Each structure stands twice: as C-alpha cells, then as structure tokens.
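Student: Below are the sequence and a predicted model; questions follow.
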2 protein chains.
Amino acid sequence: MPIARRIADYQAKGSWIRKLFEEGAQLARDGSGKPVYDFSIGNPDLEPPAEFDAILKEVVDDPSPGKHKYMSNPGYEETRAAVAADLSSDHGLPFTAESIVMTVGAGGAVNSALKALIDPGEEVIVNAPYFVEYRFYIENHGGVMVTAETTPGFDLDVDAIAAKITDRTRVVLMTNPNNPTGIIYPQETLDRLGALLRELSAKRDRPIFLLDDAPYRKLVYDVDKCTSPFTAYENSLMATSHSKDLGLPGERIGFLAVCPRMDQWQRVAAAAAFTNRTLGFVNAPALMQRVAAKLQSVTIDLDWYRRKRDLLYKELTRMGYNVPYPQGAFYIFPEAPGGDDVAFINKLKDLRVLVVPGSGFGKPGHFRISYCVTDEKIEGSLPAFEAAIKG
Amino acid sequence: MPIARRIADYQAKGSWIRKLFEEGAQLARDGSGKPVYDFSIGNPDLEPPAEFDAILKEVVDDPSPGKHKYMSNPGYEETRAAVAADLSSDHGLPFTAESIVMTVGAGGAVNSALKALIDPGEEVIVNAPYFVEYRFYIENHGGVMVTAETTPGFDLDVDAIAAKITDRTRVVLMTNPNNPTGIIYPQETLDRLGALLRELSAKRDRPIFLLDDAPYRKLVYDVDKCTSPFTAYENSLMATSHSKDLGLPGERIGFLAVCPRMDQWQRVAAAAAFTNRTLGFVNAPALMQRVAAKLQSVTIDLDWYRRKRDLLYKELTRMGYNVPYPQGAFYIFPEAPGGDDVAFINKLKDLRVLVVPGSGFGKPGHFRISYCVTDEKIEGSLPAFEAAIKG
C-alpha cells in the first residue's frame, strides 16, 4: 500500500456520509427508475440570493488591475472591515479589520485556529453530537479529541465539559447552531460555559479558548440572531463561512474572528494569519473576498429553509418520531425508533431514503436529516418515513 | 503568550520575505518621496491573459443552477479531464480525470500530497536552495525536513540526494523550474534521480516518491516545455497551480497530478482527495475550476517575462555579478559580491532595493531577485545594483 498508514487507517474507518453518498449513487443507477431521497449531505439546492449574482458581475466587470493578485495573507482590508462591521453590530463589540482573518471556508478557519492555538498533545473538547470532520481537524495539528456529552435536549452540558477539562485542555470546540441537531445553544448556557472557562483560565499560563464553528449562524428561524460566544467569553473565536448564508459552499469563502475582548487578541489573529499561510491555504480566494465585502448584510432566503423545517418537524412528530425542535441550520435529528440508529437508517435506505446515523456524529440512537433540498424531495419522502416507523 | 509555542517559535524565527515586505512598506512611507524597488515577493504585476477575462465572464453569465455548490472533493470531472488532457499531451502519458485532484493552489496540493504520503517521523528531502515554506509544509504533517545541496550550477545533485536517503525517507521534494534560482533541472538529471529512487524503492514496502512542486512549469523562456518528472520516474506527483501561468495567485486554483505509471496510482489520488478534504481545503474554488477547465491551452504573456529576464541577466553580468543563467520562473539568483548575502541585501536596502538573501532559502552567498514587476521598476533599479557592487 503506497499511502501513509494513518491515512489508510482513517479511510478504512470511513465516513458514514461518504458511504451513504456512494450507496445513494448506486441506488440512483439501479435501473428501477424510482427516485432516491438523499438527505445525507449539506449541499443546498438553493441558489445564492439575487444580490450575489449582481455583485459578482459588478466585481468581474470592474476594470481595475491587480484583482487576482496575492493580497496580504489575512485578506483584503476592505473585506475584513466589512465583516468586522457586521460582527460588531451583531455582537455589540468593537471588531476591527485586524480581528478578522479571511479563510478558505469554515474548514480553513477551524484548522488555522487550531494550529495557531494548540501544541501537540493538547486536548480539544468537542460536544457530542459533533461534526464528523473534527477528529481529523484536531489530529491534523497533533491535538487530542476529548468528547463531552450534551444534555438530553442537546444543549451544551457545562458540568460534563468541566468534568473533561484537564491540564492539557486548550480549546472547547462547539458548532452553534448545531450540526447535526439544529439546536441553538441558549445564551445562558454560553454564559455559564464562559464563566467556567474564565475561572479555570485564571489559574493558567495560557487560557482555554472557546472556538465556535458557526457556518449556520445566520440560518435561524425563530429569533433574529444566533446566540453569541463573544459576549459570553473573552477568549472566544468564531470560524464561519458564506457557504450557507450566501449559498456558496463550493467557493470556499469564510473567516475567523477573534474576540476583541481577548487579552493579546492581535497576537492570536496574527498567529492565525500565519497558520492560514503556512498550512497552504495562503489566503481566501480573491474574487469571492471582493464579493463578500459587499454582501455582509445579505442572507439567503430563510423562508425556503423555515418552510421545510416546519413541514418536517410537524410531519415527523405526527408520525410518532421523537424530534428535538431544531431552531437553526438545516438539520433535524430525530430519535431512531427502536433505538438502533444504524438498523433504522438501513431500513430507510431500503425505502430509498438516505439519512446519516447519529453514530457518525458520536451520538448513536438518533439520525440526521439534512433538509437543504427541494420541497418535492421532502414531500416525496414522507411516506417512507411513515412506513419506516410503522414497519 | 496566548498562542501555541511552536507557532510562536516559527514566528520568532520569522521569514526574510515578510521582514523585507514590512521594511519595504516602511521605506515607502519614509516621506522622502523616492521610489522603493521591491523585488522581494513573487506577486506578478502582469494581468491574466485576455482569454481569462472572456472565459470568466462566460462562466459568470452561465445561467445553469448549482454553480456554487460543493462538487466531489477532487473537483469537477470536466476540469480534471481538461487538466489530464493537457498533461497527457505535455508528458506523453495517459493521465485521466482520476489522476487529478483540484486543489487550493500549489500550496494546497503540496500539503495534501505530503499528508497523504508521509507518516509522522518520515523524512522529506529538499534541495537547497528551496522554497521557504517547505519546512512548515513538511512539519505540518509530522515529517522531518532533510536538506541536500545542489551542484555549483544549481542542478539537482543526485549523489547528494542518495547520501541523504535513510530508511525513513518517503519523499524527495523539488521545485522545477526552481524558486529561487530560475534553473530548470535537465531531463537527464531527473532520469538519473528516477533510476536511483526506483532502485531503492524496489527494496521497500512503500516507494520513495518524487514530488515536483511546479507552479512555474509553463514559465520557460528558451525551450518549448519544462522537463518531466513523470517520464523520469513512475512514483512521481506534480503539485502546481494557475497562480503564475494564468496570473491568478489570489484565486487559489491549482491541482495535484499523480503519475499514471505509478503502482496503485488510484489509491494515491484517492488519499490526496481525502486529505484535501480533511485538511480543511474541502475542494478547489468552484468558479475558478470552471474557468480553468477552459484555459488549459492558454499561458500568460511569456515575452513580458523573457524581456525582463534578458535585461536583468545582461545588465547584472555586465556589472560584474556572477549570475547563474535562469531558464524559467521569474527569479534570478546572483552571487552576493563579498560573499555575505545578508550584508549585501542590507546594502541594497539602503539604496532602496529589496531582494531576499539566499540564507532565506537555505543557500547563503546568493540573493534572489523576483522580476515579475514592470520594466520601469527594473530599469529604475539598475543604478542601485551597479552602485552596490562597486561600493
């Protein structure tokens, strides 16, 4: 075998999402002509907002020279200032261009942040259920992933986090709104977490950081805005992207924001700009940085998502599924009837419906539906969901 | 200090290029009104070819839906097939879309390749002088950088490489055409290197790979095309980008190509697609992939570069500099008069000319001029170069 052993090991363990993607492709080609209802991946069918197309054309038509050159590694000043202004208004804190590093999506932001913050052997606490790629992201930089359970309602469990903190803990990593549950962590919970981390950090050379992976931060359906890590805790960072709020996952445009209340925040932002370069990202794509600078106040059609959330929640609940009420993102995380999530998703697969077992997110007993698909797909799948819980 | 110790160490050691960039910015603001001649970085002043603008507009105006969604991690089939066709014609080997992983620039390609190939503690041989970021790229993945010297004419020294190979060697990394020398490694040298690596690999479980970092592969001025790692050695990979050949460094569009003659090349390409995802790159930017698919036969104006290469080589040689004749890239690497490269670049800096000392590339005694600037800048700097060698 020619490749690195650790990569071969990772690949052998596989990813549920990838397995399902492949099985879905096979199902679609089985010659039956019947549709496959694929709710396995988060790749929205929704086009970017109309403002995006107009601004993209404007940016492309702009005749000024040097538009595709390298800029400074953290990104264009103009883009970072626009991002900072939006964050300042959202969180009531004085973000500046210097607080922002533009990145290759949220994946680039999380990796640049972890590399800047953790030394080899240091621990990163994740909260189950968690995004499947976190293990790779943490181990990329020699970190050790430690799992804390969440509450029965999938809120962060501050006591469970406290119990997992050791002398080697450097980062608590969360996804808010959450993938795979769609839960928004209440501000009160974040505030309690902030108080815990503040108290523990006071006794240390280096603080414990809170890293909020927040690509869904603008996809919230019952409130005006998502809860804030920055007001809860000074040593917090946010990794996010425009993959979901502008519908641009393929374009890899995101950013890392460092809390302006953090001691030596400039040092942390500079370290992340350095790791963004030395990890090989170098800078966020130039053209999309120029576009993002002009679209900070624009968000994709939230009604498109809210409608699906409402429909799925209502129908699944009616059928008898136990469904934690999702307030954001485009995921819903019902309990698997019978308790065995893998058996249940296989049952759904036999009915040509693809969903991801909670086991893939460190949380067996549930399954994830990614509802960023057309209404027709959702409506078409309902009989299968009903048959699966009855059969 | 809040950040990771290893990152603070890296930053403390600093980068010559960054230092010069900052000093150059200071010089430019010193109020003297005199120009600064900055030859320190490789950020071309040349606009992309006219074909690029036309194709970019065509791609942006294309009304088909889903253009900004995730595609499969290795990239669009159409783009990979176009890249494969160009490589096949260039190297006379049967590349296919499956041999190609589209990446976030050549930096993304080198990192994805190294992560896919090396296990922690394995060694990567670089050839001095080498691109300054290689140490970071190798250590990112737990690799150990080992340096081999090149010949007095800056060709690869196959005997020096052979002397550095141990049981832990996994990759030989080269840059062809070279940064910082502009030298193209002769095919005969690559063939000898291939023969050495083939012989040593035959005795091992896993081969020693040759990784060619080739962002300058189309910037060659005296020949039709650059020499080929693929015809020299079956276990070879190429990491490259359109940063230089299409003038798009800010857009982060590149690819990794796996030699179709490699045993289990599909396994290596799949591993690199996996690491491209799990390192947080996820995929190369969608829009630029669509553009690149249509521009594989287009190259930026080579005359723009050749003219500068010829002018600088002629003038520096006339002044008495000892200059290795550069055949590609946009760098020239003269010997530092007096032998002390750092002292000499400081002398040039006092004359408002910024160049990078060879010490920054693991090769003291020389300095690098990056000539991807306007003719006026080059002409304006010549008196300073003349004064520096005389004074």
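Tutor: Done, it's in. Residues are numbered from 1 along each chain as shown, chains lettered A, B, ... in the order given.
Student: any idea what the residue most central in space within chain A is structurally, helix, strand or coil?
Tutor: Nearest to the geometric centre of chain A sits residue A:215, at 4.6 Å (CA atoms, centre = their mean). Assigned by DSSP: H, G, I helix; E, B strand; the rest coil, the conformation of residue A:215 is coil.
Student: Please identify which helix or strand holds the nearest residue to it once chain neighbours are set aside.
Tutor: Closest residue in space to residue A:215, ignoring its immediate chain neighbours: residue A:106 at 4.4 Å, by CB to CB, 6 or more residues apart in numbering or on different chains. In this view, the C-beta of every residue, glycine as well, is placed from N, C-alpha and C. Using DSSP states H and E, residue A:106 falls within helix A:105-117.
Student: ok, back up a step: my guess is the residue nearest to the centre of chain A contacts residue A:244, does it?
Tutor: Yes. Contact criterion CB atoms under 8 Å: residue A:215 and residue A:244 qualify, at 5.2 Å.
Student: is the strand or helix carrying residue A:272 anywhere near chain B?
Tutor: Assigning secondary structure by DSSP H and E places residue A:272 in helix A:265-278. Yes. For helix A:265-278, a contact with chain B is found by CB under 8 Å from any CB of the partner chain, at A:267-268, A:270-271, A:274-275, A:277-278.
Student: so what does that helix touch, helix or strand wise?
Tutor: strand A:100-103, helix A:105-117, strand A:254-258, helix B:5-13, helix B:134-140 (3 or more CB pairs under 8 Å, 6 or more residues apart in numbering or on different chains; DSSP states H and E).
Student: Columns mean pLDDT on top of these, output as CSV?
Tutor: Output for these, formatted as CSV (pLDDT from 0 to 100):
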stretch, mean pLDDT
strand A:100-103, 98
helix A:105-117, 98
strand A:254-258, 98
helix B:5-13, 89
helix B:134-140, 97
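Student: now these in JSON lines, with distance to residue B:238?
Tutor: Putting the helices and strands packed on helix A:265-278 into JSON lines (distance: least, CB to CB, whole Å) gives the following:
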{"stretch": "strand A:100-103", "distance to residue B:238": "26"}
{"stretch": "helix A:105-117", "distance to residue B:238": "23"}
{"stretch": "strand A:254-258", "distance to residue B:238": "28"}
{"stretch": "helix B:5-13", "distance to residue B:238": "27"}
{"stretch": "helix B:134-140", "distance to residue B:238": "15"}
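Student: Just tell me which of these ends up closest to residue A:388.
Tutor: helix A:105-117 (32.4 Å; CB to CB).
Student: what comes up buried for the helix or strand following the closest one?
Tutor: Sequence-wise, the next helix or strand downstream of helix A:105-117 (DSSP H and E) is strand A:123-128. The neighbour-count check on strand A:123-128 (16 or more other CB atoms under 10 Å in any protein chain shown) flags A:123-128 as buried.
Student: Could you tell me how many residues sit around the residue nearest to residue A:215?
Tutor: Residue A:106: 30 surrounding residues under other CB atoms under 10 Å in any protein chain shown.
Student: And for residue A:345?
Tutor: 25.
Student: Phi first, then psi, for it.
Tutor: phi -70, psi -30 (degrees, to the nearest 10).
Student: For the closest residue to it other than its chain neighbours, the count of nearby residues, please.
Tutor: Once flanking residues are discounted, residue A:345 sits nearest to residue A:357: 4.7 Å by CB to CB, 6+ apart. If you count neighbours by other CB under 10 Å, residue A:357 ends up with 23.
Student: List the residues that contact the residue nearest to residue A:215.
Tutor: For residue A:106, the contacting residues are A:213-215, A:239-241, A:243, A:254, by CB atoms under 8 Å, 6 or more residues apart in numbering or on different chains.
Student: Pick the one among the residues you listed closest to chain B.
Tutor: residue A:243 (8.3 Å; CB to the nearest CB).
Student: Residue numbers of the stretch 101-250 of chain A in contact with chain B?
Tutor: So the stretch 101-250 of chain A meets chain B at A:104-105, A:107-108, A:110-112, A:115-120, A:122, A:133, A:136-137, A:140, A:142, A:206-207, A:209, A:235, A:247-250 (CB under 8 Å from any CB).
Student: Could you rerun that using 6 Å?
Tutor: Taking CB under 6 Å from any CB of the partner chain as the measure of proximity, the stretch 101-250 of chain A contacts chain B at A:104-105, A:107-108, A:111, A:116-119, A:136, A:206, A:248-250.
Student: same thing with the stretch 251-391 of chain A?
Tutor: A:251-252, A:264, A:268, A:271, A:274, A:278, A:280, A:282, A:285-286.
Student: which residues does residue A:368 form a beta bridge with?
Tutor: With DSSP bridges applied, residue A:368 shows beta-bridge pairing to residue A:356.
Student: I'd say it and residue A:356 touch.
Tutor: Yes. Using CB atoms under 6 Å, residue A:368 is in contact with residue A:356, at 4.6 Å.
Student: longest helix anywhere in chain A?
Tutor: Longest helix in chain A by number of residues (criterion: DSSP state H): helix A:302-319.
Student: and that helix, how far out from the chain's middle?
Tutor: Offset of helix A:302-319 from its chain centre (CA atoms, centre = their mean, to the nearest Å): 21 Å.
Student: give the contact list for the closest residue to chain B within the stretch 251-391 of chain A.
Tutor: Using CB to the nearest CB, the closest approach of the stretch 251-391 of chain A to chain B is made by residue A:286 at 3.1 Å. Residue A:286 makes contact with A:68, B:250-251, according to CB atoms under 6 Å, 6 or more residues apart in numbering or on different chains.
Student: Just name the closest of those to residue A:361, please.
Tutor: Distances from residue A:361 to the contacts of residue A:286, taken by CB to CB, are shortest for residue B:251, at 33.6 Å.
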